[in-house]
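Undergrad: Give me a 3D structure for the following:
(chains A and B)
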Protein chains: 2
Amino acid sequence: MRIAVDAMGGDKAPQVVVEGAVMAAREFGYDIVLVGDNEKIQRELFKRGSRGLRNISVCHATEVIGMDEPAALSVRRKKNSSINVGAMLLKDGKADAFMSAGNTGAVVCAVTLRMGLLEGAYRPGIAIIYPTLKDLCVLIDAGANIDPKPEHLLQYAIMGDALQRYILKKRQVKVGLLSVGEEATKGTDFIKETHRLLNASTLKFVGNVEGGDIYTGDYDVVVCDGFVGNVVLKVSESLAQTLAIFLKRKLKQGLMTRIGALLSLPAFRSLKKEIDYSEYGGAPLLGVNGACIIGHGSSSAKAIKNAIREAGEFVSHQINQRIVDAIKSTH
Amino acid sequence: MRIAVDAMGGDKAPQVVVEGAVMAAREFGYDIVLVGDNEKIQRELFKRGSRGLRNISVCHATEVIGMDEPAALSVRRKKNSSINVGAMLLKDGKADAFMSAGNTGAVVCAVTLRMGLLEGAYRPGIAIIYPTLKDLCVLIDAGANIDPKPEHLLQYAIMGDALQRYILKKRQVKVGLLSVGEEATKGTDFIKETHRLLNASTLKFVGNVEGGDIYTGDYDVVVCDGFVGNVVLKVSESLAQTLAIFLKRKLKQGLMTRIGALLSLPAFRSLKKEIDYSEYGGAPLLGVNGACIIGHGSSSAKAIKNAIREAGEFVSHQINQRIVDAIKSTH
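TA: Residues are numbered from 1 along each chain as shown, chains lettered A, B, ... in the order given. Just a heads-up that it's a prediction; the model follows:
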C-alpha cells in the first residue's frame, strides 16, 4: 500500500503532516510519499529522527496552494503544487491513494480533473463521518456539489451506504434525506423528487430527516445538497466551539465552580476528543476514479495519521469498485 | 395593548401558556386574550388564583391544530381552531398582536391568509433571535419560505435590520448572506444574485457569511433561504442537546469527576439558560400585515411571557410601519 500525502496542506503544514505521516508509516507499515517542498520536509523528518525510515519518501513539489486561494484557478495555474503533484502520483499509479488536509476545493478539483469520475457516477461528493448519540453517521455531500440534481443525491446515498457497509461495518444501513419535515410532501421540488428516487431504490431509505435528527444516531447515512451540507458541517463545528467558550466563561465564575471544573477536567478532555471528527479520520472524496481522503485544515498529527489509515482502508476494501457495482445495479 | 395568545399551542398547553400569560399580564399590564378551550383555560386560571385578573379574558375556540398536522390543510379545515380564531382577532382589530407556540406552519398560514402581506412585501419570513459570542443575532428566514427568490432575501435583510435597530437597539446593523465561502463568486446562482442585490442596497452588507461565522457575533443579521435556515436552527438546537448528553455521560465517569460536576452545576445551569433562545422571546413572523410572534413548541412559562413582551414591543415600536417605509425606499 502506497499513499501520497500532501505535506504542505493544512494550517500547521508541513510540521503536523510530517509528524502524522511518520506515525502512520510506523504504525501501519504503509509506504508513504510526502509531497511538497523537499528541504522543509527533510528538515521535519530530521527533527523527528525519521530520515532513515525506509517506508517514507519525498516527492518534491515547488508550489503550494493556500487554504483560501480560489480552487479551480489555482489548480490550473500552480501545476507544480503539492495538490497537483499528489493527484498526478495517483493518476500515474505511483500511489494507491492521496491524502490532503489542504484547500478542499482545490483537492476536489485536482483529483476530479486528473482521475475523472467513477464509471456511471455523475458528480463527486464529500462524505463526512461524525459521531452521534449511537454510532458514527455519514453525511454526504459536504460541499463538492452545491447545486445537485436528485439523481446525484441518489448516488450519494449509494456511496454513503458503501462506506457504512465496508468501512464502518454496518450491516443494515438506514438512509435519510435531509429536509424541513418528515412527510414526503414537505420540502422543495428538488427534495420531493429525490425522496421519490430514494424510495424507489433498493437502499433502506427511511424517509426525510429533519435538522434535529442528524445527531440522534437513528440514521446511518444522511444525504443533502453540498450547500446545505457545508453549512451544517461548519455550523456544527463552530457551535461546539462556541458552547465550549460559553462554558469556560461560566466555569470561571466563583471559587466552587472553578474547583469543580478542575476536578471534572478529564471529562471535558474526553468529550472534546469524542466529538472531534478528525479523530475518526478524514472526509472521503467519493465518486472520483481514485482513492482520496480530505483531512480537516486544522488536523492534528493524530488526525493526519487516522486519515492515512482511512485512505488505506478505502483502498483495501475496494470501496470504489463496490460503488461502481452498486451504481450499475440501479440502472 | 391587547395581545391574543394561543392557549392551546405548544407541547405543554394550555398549562404552561396560561402560566406565562398570567405572568405577562401581571408584569407588563397588557390586556391578554387567551384563545382556546374555555373550560380548560378557566381551570388553569383558577389553579393559579388568576380568575379575577381584570386584564385577562378568554376567547373560546373549540378546535386545536396539533403540532404535527399538515399546516395548510388544517388551517382550512379547522375554522374554529385556536390558531384561526387568534388570527381572526388580529384581523378584526380585537387584538394588536397574536402570539402562538403552536404548529409553526399553521400559524404562518393562518396569519398570512387573514392579514395578507405588508405593503410591498413579497413573502413572509420567520426571524430567529439567538445569542452569539457577542450580541444577539437575527437569522431570517427560518422556514416560512423554503424556495425564495433573491428579492425575497433582500427584503428579509431589510426586515432583520428593522428588528435589530428598533427592538434590539443596535445602531449599526451588519448584514451577512449565508453561503459556502466568503467570496462573492462562491455559492449558487441564487446566492450570487442575492449578493449583488444586497451589495447594491443601502443596508450595511458585509458580504457572505459561512456556517462557521453565525455564532461569532460579527454579524447582526444573517439571511438565508427558509430550507437552510430551518436546518441550521434545528441542527443547532439538537447539537446543543446532544453535547449536553455527551457531557453528562462523561461527567458520570469517576468519583472526582462527579464531585467536580456537582460543584460546577450552577455554571451548567447558567449556560443552559443563556443559550436557550426561548429566553429571548419568540420568533417574529415578518412581512405579514400584523404583529405575530411564534413561540417555540417546547416553551416554558417564562418563554411564553417573554414572547408576549416581544409581541408588545413589536407593536409599540411600529416595526411593521418601519419595514414598509424601508421597502418603499428601496424601490
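
Undergrad: Would you mind measuring from the closest residue in space to A:Gly295 that isn't next to it in sequence to A:Gly207?
TA: Closest residue to A:Gly295 in three dimensions, ignoring its sequence neighbours and counting by C-beta to C-beta, 6 or more residues apart in numbering or on different chains: A:Ala101, at 3.2 Å. In this view, the C-beta of every residue, glycine as well, is placed from N, C-alpha and C. Distance of A:Ala101 to A:Gly207, given as C-beta to C-beta, to the nearest Å: 35 Å.

Undergrad: the more surrounded of the two?
TA: Under the neighbour definition other C-beta atoms under 10 Å in any protein chain shown, A:Ala101 and A:Gly207 were set side by side, and A:Ala101 has more, 31 against 16.

Undergrad: does that one really touch A:Cys292, like I thought?
TA: No: distance between A:Ala101 and A:Cys292: 12.0 Å, which falls outside the contact criterion (C-beta atoms under 8 Å).

Undergrad: returning to what we had before: which residues are in contact with the residue nearest to A:Gly295?
TA: Contact partners of A:Ala101, counting by C-beta atoms under 8 Å, 6 or more residues apart in numbering or on different chains, are A:6, A:9-10, A:13, A:17, A:282, A:294-297, A:299, A:303-304, A:307.

Undergrad: which stretches of the stretch 51-200 of chain A form strands?
TA: A:56-60, A:97-100, A:125-131, A:136-140, A:174-178 (DSSP state E, counting those that start in this stretch).

Undergrad: and what of the stretch 201-331 of chain A?
TA: If you assign secondary structure with DSSP E, counting those that start in this stretch, the strands in the stretch 201-331 of chain A sit at A:204-209, A:221-223, A:283-286, A:291-294.

Undergrad: so can I have a markdown table of those strands showing mean pLDDT and distance to chain B?
TA: Converted to a markdown table, the strands of the stretch 201-331 of chain A look like this (pLDDT from 0 to 100; distance: least, C-beta to the nearest C-beta, whole Å):
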| stretch | mean pLDDT | distance to chain B |
| --- | --- | --- |
| strand A:204-209 | 96 | 10 |
| strand A:221-223 | 98 | 11 |
| strand A:283-286 | 97 | 15 |
| strand A:291-294 | 97 | 15 |
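
Undergrad: Just send the ones you listed back as CSV, with distance to A:Leu262 too.
TA: Formatted as CSV, the entries for the strands of the stretch 201-331 of chain A read as follows, by distance: least, C-beta to C-beta, whole Å:
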stretch, distance to A:Leu262
strand A:204-209, 39
strand A:221-223, 38
strand A:283-286, 35
strand A:291-294, 37
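
Undergrad: between those, which one is nearest to A:Asp68?
TA: Distances from A:Asp68 to each of the strands of the stretch 201-331 of chain A were compared using C-beta to C-beta; the shortest belongs to strand A:291-294, at 15.9 Å.

Undergrad: coming back round to it: which among the contacts of A:Ala101 gets closest to chain B?
TA: A:Gly297 (11.2 Å; C-beta to the nearest C-beta).

Undergrad: neighbours of that closest one, just the number please.
TA: By the criterion of other C-beta under 10 Å, A:Gly297 has 16 neighbours.

Undergrad: State the phi and psi torsions of it.
TA: A:Gly297 adopts backbone torsions of phi -60, psi -30, taken as degrees, to the nearest 10.

Undergrad: ok now do it, which residues does it touch?
TA: With contact set as C-beta under 8 Å, 6+ apart, A:Gly297 has these partners: A:Gly9, A:Gly10, A:Asp11, A:Met67, A:Ala101, A:Gly102, A:Thr104.

Undergrad: if I look at A:Arg54, how far off is A:Gly20?
TA: Applying C-beta to C-beta, the value for A:Arg54 to A:Gly20 is 18 Å.

Undergrad: quick one, what contacts A:Gly125?
TA: For A:Gly125, the contact set (C-beta under 8 Å, 6+ apart) comprises A:Ile140, A:Asp141, A:Ala144, A:Asn145, A:His152, A:Gln155, A:Tyr156, A:Met159, A:Gly226, A:Leu285, A:Leu286, A:Gly287.

Undergrad: Who does A:Lys204 form a beta bridge with?
TA: Listed by DSSP bridges, the beta-bridge partners for A:Lys204 are A:Lys174.

Undergrad: in terms of contact, does it touch A:Lys170 like I think?
TA: No: with contact defined as C-beta under 8 Å, A:Lys204 does not count as touching A:Lys170 (10.5 Å).

Undergrad: Neighbour count: these two, which is higher?
TA: For A:Lys204 versus A:Lys170, the count of surrounding residues by other C-beta under 10 Å is larger for A:Lys170: 18 against 14.

Undergrad: Now A:Ala244. Nearest residue, chain neighbours left out?
TA: With C-beta to C-beta, 6+ apart as the measure, A:Lys272 is the residue that lies nearest to A:Ala244, at 7.6 Å, once sequence neighbours are left out.

Undergrad: Count the residues that sit near the residue lying closest to A:Lys328 once chain neighbours are set aside.
TA: On the basis of C-beta to C-beta, 6+ apart, the spatially nearest residue to A:Lys328 that is not a chain neighbour turns out to be A:Gly120, at 6.0 Å. By the criterion of other C-beta under 10 Å, A:Gly120 has 16 neighbours.

Undergrad: So A:Gly120 is in contact with A:Val324, correct?
TA: Yes: with contact defined as C-beta under 8 Å, A:Gly120 and A:Val324 form a contacting pair (6.3 Å).

Undergrad: picking that back up, how about TSV for the contacts of A:Gly125, with neighbour count added?
TA: Formatted as TSV, these follow (neighbours: other C-beta atoms under 10 Å in any protein chain shown):
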residue	neighbour count
A:Ile140	30
A:Asp141	30
A:Ala144	29
A:Asn145	23
A:His152	23
A:Gln155	27
A:Tyr156	35
A:Met159	29
A:Gly226	25
A:Leu285	25
A:Leu286	29
A:Gly287	29
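
Undergrad: List just the nearest of those residues to chain B.
TA: Top of the list for closeness to chain B, among these and by C-beta to the nearest C-beta, is A:Gly226 at 7.5 Å.

Undergrad: Touching, that closest one and A:Ile128? I think so.
TA: No: checked against C-beta under 8 Å, the pair A:Gly226 and A:Ile128 is beyond contact range at 11.1 Å.

Undergrad: joint contacts of the two?
TA: A:Ala142.

Undergrad: Count the neighbours of the residue in the stretch 51-200 of chain A that chain B sits nearest to for me.
TA: Nearest residue of the stretch 51-200 of chain A to chain B: A:Val180, at 4.5 Å (C-beta to the nearest C-beta). One way to gauge burial is a neighbour count; for A:Val180, by other C-beta under 10 Å, it gives 24.

Undergrad: mind checking pLDDT for it?
TA: Each residue has a pLDDT score; the one for A:Val180 is 94.

Undergrad: same thing with A:Phe246?
TA: Each residue has a pLDDT score; the one for A:Phe246 is 80.

Undergrad: list the contacts for it?
TA: B:Leu133, B:Leu271, B:Glu274, B:Ile275.

Undergrad: re earlier: out of the contacts of A:Gly297, which are inside helices?
TA: When helices are assigned by DSSP state H, the members of those inside them are A:Thr104.

Undergrad: Mind giving me the ChimeraX command for buried ones among the contacts of A:Gly297?
TA: To isolate the buried ones among those in ChimeraX, judged by 16 or more other C-beta atoms under 10 Å in any protein chain shown, type:
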select /A:9,10,67,101,102,104
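
Undergrad: circling back: filter the contacts of A:Phe246 by proximity to chain A?
TA: Taking C-beta under 8 Å from any C-beta of the partner chain as the test, chain A is in contact with B:Leu133, B:Leu271, B:Glu274, B:Ile275 out of those.
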